[in-house]
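Chemist: Predicted model and sequence follow; I will ask about them next.
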Amino acid sequence: MTTLIINNKTIEFEGDDQMPLLWFLRDEAGLTGTKFGCGVAMCGACTVHIDGVPVRSCQATIASAQGKHITTIESVGETQAGKAVQAAWVDLDVVQCGYCQSGQIMSATALLAQKQHPTDADIDAAMSGNVCRCSTYVRIRAAIHQAADALATEVKG
């Protein structure tokens, strides 16, 4: 029996604990916001947080996530950083096709949770594992800066 804590809910699983976390999230837990992109941890579409760290769920196993806190796109907006990132994404109309955006948002949120005032270089480094076929990188960077500014204003407020 494997116990997973996903979006602050405990879920027990009796299947193969070597199953990729991505497939568990989508097929067993019904959390389809996390996307399958490449299957080899190169595109970032499947990014989730495990104990606050962005992880490619296509390569993480259920066993590796046991007992840890897993956050998916479905609940990242419940955090201060996640809410600010999602608002900036909407405000700046970042999304084109949208397929990669859950992974982009998860990586951006993890960055802002760790670094309050990221530079362009910080953003580029944190987001380098996330591929956007529509090339919305300039808007993504702008949205991360806007979210950082919103978080800074909220803290001062």
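Modeler: Now that the structure is in, tell me what you want to look at.
Chemist: and residue 93, how far is that from residue 108?
Modeler: 15 Å (CB to CB, to the nearest Å). Using the backbone N, CA and C atoms, a C-beta is placed for each residue, glycine as well.
Chemist: So if I had to pick from those two, which one is more boxed in?
Modeler: Neighbours per residue, other CB atoms under 10 Å: of residue 93 and residue 108, the larger number sits with residue 108, 33 against 10.
Chemist: Quick one: low-confidence residue ranges for the chain.
Modeler: Filtered on pLDDT under 70, the chain yields the residue ranges 155-157.
Chemist: Am I right that residue 10 is in a strand?
Modeler: Yes - according to DSSP: H, G, I helix; E, B strand; the rest coil, residue 10 belongs to a strand.
Chemist: That one - how many residues pack around it?
Modeler: If you count neighbours by other CB under 10 Å, residue 10 ends up with 9.
Chemist: Contact partners for it?
Modeler: Taking CB atoms under 8 Å, 6 or more residues apart in numbering, we find residue 10 in contact with 3, 4.
Chemist: where's it relative to residue 24, distance?
Modeler: 14 Å.
Chemist: ok, now residue 146?
Modeler: Remark: distance between residue 146 and residue 24 (CB to CB) = 33 Å.
Chemist: Grab the nearest non-local neighbour of the residue nearest to the spatial centre of the chain.
Modeler: Nearest to the mean C-alpha position of the chain, counting by CA atoms, centre = their mean, stands residue 106 at 1.9 Å. Distances taken as CB to CB, 6 or more residues apart in numbering put residue 47 closest to residue 106, at 4.2 Å, once the chain neighbours are dropped.
Chemist: Skipping adjacent residues, who's closest to residue 79 in space?
Modeler: Spatial nearest neighbour of residue 79, excluding adjacent residues (CB to CB, 6+ apart): residue 109 at 6.8 Å.
Chemist: any idea which helix or strand carries the one you found?
Modeler: helix 101-114 (DSSP states H and E).
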